[in-house]
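[1] Structure for the following, please:
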Amino acid sequence: MQQGMPDADKAARTIAENVYAAFYRQETIPAQSPEEQTIVTRLVEAIRPQISSGSPGAIVEVANAALSAWEQRDPDVSGPRVVAINQTDGAVTMRFW
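    Numbering: from 1, shown residues only. As a prediction, this is how the structure comes out:
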């Protein structure tokens, strides 16, 4: 995490990076996406407003929506969805539906 970032930004970035990493480990495309930074940025933007709500369920929902939007734009991408987030350390649990 970067110094100087507000706590919500740090938390959102950590969760977004963990979501992307977990998705990437299990997705169907064989090579890392050239869109990695774009996807992580979209995840951060979706997650950041939900951090203050304190609702892991809301974070799960917006993270999954961002992943779905990515899959809709690129038919070669398919991966698991977030089922749980630990807001304390940013850990995520993913599962295929």
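[2] Now do the strands in the protein.
    Listed in chain order, the strands of the chain (DSSP state E) span 81-85, 92-95.
[3] how about the longest one: buried residues?
    Judged by neighbour count (16 or more other Cβ atoms under 10 Å), strand 81-85 contains these buried residues: Arg81, Val82, Ile85. For the C-beta atoms, the positions are set from N, CA and C on the backbone; glycine is no exception.
[4] which one among those gets closest to Asn18?
    Nearest to Asn18 among the buried residues of strand 81-85 is Ile85, at 8.4 Å by Cβ to Cβ.
[5] does that closest one have beta-bridge partners, and which?
    Val92 (DSSP bridges).
[6] just to revisit the earlier point, any chance of the strands of the chain in CSV with distance to Ala12 as columns?
    Formatted as CSV, the strands of the chain follow (distance: least, Cβ to Cβ, whole Å):
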stretch, distance to Ala12
strand 81-85, 11
strand 92-95, 13
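[7] so which of those gets nearest Ala63?
    strand 81-85 (4.8 Å).
[8] Which other helices and strands does that closest one contact?
    Under the contact criterion of 3 or more Cβ pairs under 8 Å, 6 or more residues apart in numbering; DSSP states H and E, strand 81-85 touches helix 7-26, helix 56-73, strand 92-95.
[9] quick one on the thing from earlier: out of the buried residues of strand 81-85, who's nearest Ala8?
    Ile85 (14.2 Å).
[10] Next one: that closest one from Thr14, what distance?
    10 Å (Cβ to Cβ, to the nearest Å).
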